[in-house]
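Student: return atomic coordinates for the entry below.
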Amino acid sequence: MDDNFITITCIGDIAPAKSAESAIMADIAGQKRLFEAFFAGSDVVFGNLEAPLTTANTPTENKKYILKAEPRVLDAFPDKFVFSLANNHILDYGHDGLLETMACLSKKGFRFTGAGENLEAAGKPVIIDCTGKKIGFLAAAGNRYDNRNLAATENKPGIWPANPDLLHRKIIHLKKLVNLVYVSIHMGMEYIPVPTPGMLELAKTCHQAGAQVVFFHHAHCVSGYTAAQDSITLWGTGNFLFPDILDYPFTPWFESAAWTIRHHMPENRIDVITRPFTLDGRGLPRKAGAHTGDKIVKRIDYLGGKINETGAPAWLRLIHMGKPAYLRLLVSNYSDIARRKGLPNMAGQILSAIKHLFLTKT
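Tutor: Next up, the predicted model:
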């Protein structure tokens with residue numbers, strides 16, 4: 001290991017549930033070997049665990065997509081993983097499911113951030129000493145989930161909210177303790193690979209406070225990235241491990257990437273390597289073929305370039321919203337909400353989505 005470099009890989013949503021869970025449980029040792037090989041050059045892997053690890057059988061909400069995983073799936077993951085728990089599924093089985101998840105991770109020796117027994121615990125960073133340098137990891141989830149009461153409070157378990165003032169203060173404090181700060185944020189609109197106004201503002205807030213790397217997930221499709229000499233924003237890291245739970249085909253769900261970030265510590269410089277891969281029919285990551293891999297990288301580069309253009313994110317969002325694959329999924333999901341929770345609830349969620357897509361800056 002070269003003491004002049006720190007290498008960290010950022011990945012997207014991890015849901016070892018349903019068909020993915022079955023595949024992992026059938027060959028835990030084999031899957032672990034594949035993960036170890038894929039991340040062999042990384043000091044740390046930072047990803048979003050989007051399924052509670054619980055033996056509970058009763059979900060807490062009547063909704064279409066409910067996720068959970070057998071705690072033993074953790075045995076397939078190398079111990080270099082740091083997990084974000086700040087997302088909209090980690091409480092699918094309530095506070096008990098969250099607390100069981102945290103207990104399982106702790107028992108196995110995995111580090112996590114973004115959720116906790118109260119607000120203070122949820123915002124506690126992970127700090128790792130790597131080749132003599134300290135790296136701090138934070139995780140938060142966007143305020144689109146506020147109406148579901150998922151955020152932790154002073155006396156209630158939950159996720160750490162992506163409040164701009166809260167994040168700004170926390171990063172400034174953390175920066176005094178570490179050399180590098182990574183911030184993972186669960187935010188955006190499903191199936192749209194373009195940052196919302198809130199994401200653009202929040203990334204700026206985090207970088208101004210001192211974060212070197214900010215990365216987003218939740219859209220279930222990769223986006224581009226923007227980089228400066230000493231900082232980077234990954235606008236959408238897609239799925240890393242996720243079963244196909246959609247009603248209609250959506251190719252970007254299966255075409256993803258990992259971002260390996262190499263910090264040159266003496267020069268305070270960052271190199272980024274985009275590593276494309278695909279998800280198989282069970283939802284497990286597999287090496288992409290040459291043609292597909294090239295297509296994924298070109299899509300990421302194109303989006304990264306457009307996101308930097310003034311005004312481009314707004315019209316790019318509109319273009320993607322008009323695609324048939326997106327519209328089919330949108331109608332399916334909102335129809336299901338109407339059946340389960342009534343038309344007023346569906347209308348409220350549509351208005352919330354529109355606000356986050358075009359109007360909300362924080």
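
Student: so who does the closest residue to residue 111 other than its chain neighbours touch?
Tutor: In space, and not counting its chain neighbours, residue 111 is closest to residue 126: 4.5 Å by Cβ to Cβ, 6 or more residues apart in numbering. To be clear about C-beta, it is placed using only N, CA and C from the backbone, and glycine gets the same treatment. Applying Cβ atoms under 8 Å, 6 or more residues apart in numbering to residue 126 gives the contacts 82, 111-113, 136-137.

Student: which residues does residue 126 form a beta bridge with?
Tutor: On the basis of DSSP bridges, residue 126 takes part in beta bridges with residue 137.

Student: in the protein, which spans are helices?
Tutor: 18-26, 28-38, 94-108, 119-122, 164-175, 197-209, 290-307, 312-321, 324-341, 343-354 (DSSP state H).

Student: center of this structure - which residue?
Tutor: residue 217 (3.5 Å; Cα atoms, centre = their mean).

Student: contacts only, for that residue.
Tutor: Taking Cβ under 8 Å, 6+ apart as the test, what residue 217 contacts is 12-13, 48, 87, 184-186, 188, 236-238.

Student: which one of the contacts of residue 126 is nearest to residue 332?
Tutor: In terms of Cβ to Cβ, no member of those lies closer to residue 332 than residue 112, at 32.4 Å.

Student: go ahead and confirm that closest one touches residue 83.
Tutor: Yes - with contact defined as Cβ atoms under 8 Å, residue 112 and residue 83 form a contacting pair (4.3 Å).

Student: overlap in contacts, the two.
Tutor: 49, 105.

Student: how many neighbours does the closest residue to residue 134 other than its chain neighbours have?
Tutor: Leaving aside its sequence neighbours, residue 134 sits nearest to residue 178 (Cβ to Cβ, 6+ apart; 4.1 Å). Residue 178 has 19 neighbours, counted by other Cβ atoms under 10 Å.

Student: where does this protein dip in pLDDT?
Tutor: Within the chain, the stretches with pLDDT under 70 are 1-3, 145-147, 360-362.

Student: coming back round to it: okay, and which of the contacts of residue 217 map to strands?
Tutor: 12-13, 48, 184-186 (DSSP state E).

Student: just put the contacts of residue 126 in JSON lines and tack on distance to residue 35 and neighbour count.
Tutor: Converted to JSON lines, the contacts of residue 126 look like this (distance: Cβ to Cβ, whole Å; neighbours: other Cβ atoms under 10 Å):
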{"residue": "82", "distance to residue 35": "14", "neighbour count": "22"}
{"residue": "111", "distance to residue 35": "16", "neighbour count": "18"}
{"residue": "112", "distance to residue 35": "17", "neighbour count": "21"}
{"residue": "113", "distance to residue 35": "20", "neighbour count": "27"}
{"residue": "136", "distance to residue 35": "24", "neighbour count": "25"}
{"residue": "137", "distance to residue 35": "19", "neighbour count": "26"}
